[in-house]
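J.: following is a predicted model, sequence given first.
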Amino acid sequence: MSNFKAVIISSVTTFILVAISYTYFYAQEKAIIDTSFTQPSQSNYINAQQISQEEREKLNQELSDQRRNLITHAVQKVSPAVVSINVKEIRKYNLDPWWQFFYGRNTFNQEIQSVGSGSIISPDGYILTNDHVAGAAEDILITLTDGRQFKAKKVGTDPTTDICLLKIEGNNLPYVEFGNSNDIMIGEWSIAIGNPFGLFSMTDKPTVTVGVISALGMNLSPLEGRYYMNMIQTDASINQGNSGGPLINCIGQMIGMNTIIYTAQGSSGNVGVGFAIPVNKIQKIVDNLKKNGYYDRNYWTGLRIQDIDQDIAKYFDLSRARGVLVREVENGSPGADAGIKEYDIITHIDGLRVDNTQVLQGLLKEYRANESVNFSILRDGKILNIKMKLEKQ
């Protein structure tokens with residue numbers, strides 16, 4: 001019993017000593033902390049301000065550097081070469097039959113004014129735009145980003161591919177650098193620069209929209225005699241007036257020319273589906289426009305073709321109704337000389353898939369007389385590669 005009391009007394013004594021020690025040291029520490037916060041030294045206060053200012057300047061510089069990214073550098077590089085195009089076009093029209101009864105069958109002229117975009121592609125003033133922008137224009141006025149204006153002449157135009165080449169008199173002009181449209185990746189940045197709705201006139205500067213490459217190799221239906229084959233699709237906003245302006249990548253290279261937008265029925269304006277002509281195709285057309293003023297398609301193939309429907313696909317044991325069936329090959333024609341035969345199925349041209357006769361005709365529009373085309377042919381269940389020369393008529 002005495003041992004138990006001794007233990008109790010010892011424990012109580014120890015607890016009291018620990019409590020007293022804790023209270024003492026806690027009070028001392030609190031006093032030190034309070035003093036350090038309420039009475040800072042003058043020297044410490046000045047150093048803290050100096051460090052804060054240095055850090056602030058460093059942070060501001062980092063934020064400024066982050067704002068200047070690949071996209072802003074690309075825009076600064078290309079924008080001076082983007083121009084506004086104002087055109088005047090004279091269209092002829094006839095009165096409807098009811099009015100012709102009173103005024104006769106006279107033809108009248110109507111002046112149409114419109115705006116578009118363009119890209120200077122050489123230091124001596126060659127300008128690229130769409131045929132539907134300036135191909136039929138009587139007067140063409142070019143405005144540069146420095147405010148200068150020039151009358152342009154039409155070097156040549158190709159309505160089939162919707163490409164037009166203009167020229168202004170000048171030297172050492174800013175110009176765009178061509179990239180390689182065969183090297184484009186789906187998902188990479190795309191930047192559309194141009195003159196939507198004529199907004200260029202407010203500041204003599206083009207506007208910029210940014211998106212990504214949405215798809216490649218898009219074959220669209222012909223529109224007013226123009227064939228839009230192997231197009232680049234982007235979700236960078238493209239609107240009326242953007243036509244003819246450059247689509248560039250994030251390193252400031254032109255990869256396409258903004259040309260057409262998809263607008264859903266009952267809506268207007270951009271819905272995130274725009275299309276650009278690949279720059280590799282543009283270069284080929286432009287080279288010929290410089291030399292000849294037109295693109296020579298005066299050739300023949302000697303082939304009679306038709307679409308493949310479900311019945312034909314079933315007859316030839318095809319997995320789906322795709323491709324073009326050769327119904328007839330004219331004797332002595334380029335097709336016959338190349339070795340193409342009746343009932344061959346054309347599946348590709350130079351590696352590009354042929355879905356139907358419309359696509360085949362559109363793809364052939366990109367070739368000139370005396371050029372050769374590589375056909376992929378399905379015959380008796382085997383794929384054959386056949387080269388055909390497009391002989392001049």
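T.: Perfect, I can see it now.

J.: so who does the residue sitting nearest the centre point of the chain touch?
T.: By Cα atoms, centre = their mean, the mean C-alpha position of the chain lies nearest to Leu247, the distance being 4.1 Å. Taking Cβ atoms under 8 Å, 6 or more residues apart in numbering, we find Leu247 in contact with 190-192, 232, 234, 236, 254-258, 276. (C-beta placed from N, C-alpha, C; glycine too.)

J.: how about Asn195?
T.: Contacts here follow Cβ under 8 Å, 6+ apart; on that basis Asn195 touches 82, 84-85, 115-117, 206-207, 241-242, 245.

J.: switch the cut-off to 10 Å
T.: 82-86, 115-118, 143, 201, 205-207, 239-245 (Cβ atoms under 10 Å, 6 or more residues apart in numbering).

J.: any idea how far it lies from Gly187?
T.: For Asn195, the distance to Gly187 equals 27 Å [Cβ to Cβ, to the nearest Å].

J.: do the same with Ile248
T.: Distance from Ile248 to Gly187, by Cβ to Cβ: 16 Å.

J.: okay, the two: which has more neighbours?
T.: Neighbours per residue (other Cβ atoms under 10 Å) separate Ile248 from Gly187, with Ile248 holding more: 30 against 9.

J.: quick one, phi/psi of Tyr126?
T.: Per-residue torsions, Tyr126: phi -70, psi 140 (degrees, to the nearest 10).

J.: what residues are bridge-paired with the nearest residue to it once chain neighbours are set aside?
T.: Among residues not flanking Tyr126 along the chain, Lys167 sits closest, at 5.7 Å (Cβ to Cβ, 6 or more residues apart in numbering). Note on Lys167: beta-bridge partners by DSSP bridges are Tyr126, Lys153.

J.: likewise Thr143?
T.: The residues listed as beta-bridge partners of Thr143 by DSSP bridges are Ser84, Gln149.

J.: neighbours of the residue nearest to Tyr126, how many?
T.: 19.

J.: so who does it touch?
T.: Counting by Cβ under 10 Å, 6+ apart, Lys167 has contacts 122, 124-127, 140, 142, 150, 152-156, 290.

J.: on that earlier part again, could you pick out the buried ones from the contacts of Asn195?
T.: For the contacts of Asn195, a burial check counting by 16 or more other Cβ atoms under 10 Å picks out 82-86, 115-118, 143, 205-207, 239-245.

J.: in strands, which of those residues appear?
T.: Among the buried ones among the contacts of Asn195, the residues falling in strands (DSSP state E) are 82-86, 115-118, 143, 207.

J.: for those, work out which two are farthest apart.
T.: Greatest spatial distance among those (Cβ to Cβ): Asn86 and Thr207, at 16.3 Å.

J.: break down the stretch 201-350 of the chain into its helices, ranges please.
T.: For the stretch 201-350 of the chain, the helices defined by DSSP state H, counting those that start in this stretch cover 279-292, 310-315, 334-338.

J.: quick one: which of the contacts of Leu247 is the most crowded by neighbours?
T.: Of all the contacts of Leu247, the highest neighbour tally under other Cβ under 10 Å goes to Asn258, namely 31 neighbours.

J.: was I right to think that one contacts Pro206?
T.: No. With contacts counted by Cβ atoms under 10 Å, Asn258 stays clear of Pro206, the gap being 11.3 Å.

J.: below-threshold pLDDT in the chain: ranges please.
T.: Scanning the chain for pLDDT under 70 picks out 1-51, 63, 92-96, 98-104, 106, 108, 264-270.

J.: how about a cut-off of 50?
T.: Low-confidence regions of the chain, defined by pLDDT under 50, span residues 1-2, 4, 7, 12, 25-27, 29-46.

J.: quickly list what's touching both of Asn258 and Pro206.
T.: 117, 119, 192-194, 196, 242, 245-246.

J.: identify the farthest-apart pair in the residues you listed.
T.: The farthest-apart pair in those, when distances are taken by Cβ to Cβ, is Ser119 and Pro196, at 15.1 Å.

J.: in three-state terms, label Glu62 for me.
T.: helix (DSSP: H, G, I helix; E, B strand; the rest coil).

J.: surely Asp158 touches Asp131?
T.: Yes. Between Asp158 and Asp131 there is a contact under Cβ under 10 Å: 6.3 Å.

J.: quick check: neighbours shared by the two?
T.: 164-165, 226.

J.: from these, pick the one nearest Glu177.
T.: The closest of those, once distances to Glu177 are taken by Cβ to Cβ, is Leu165, at 17.5 Å.

J.: the closest one: what's it in contact with?
T.: 118, 121, 126-129, 131, 134, 154-158, 282, 285-290, 293.

J.: kindly report the same for Val75.
T.: 82, 191, 193, 206, 208, 210, 248, 250, 252.
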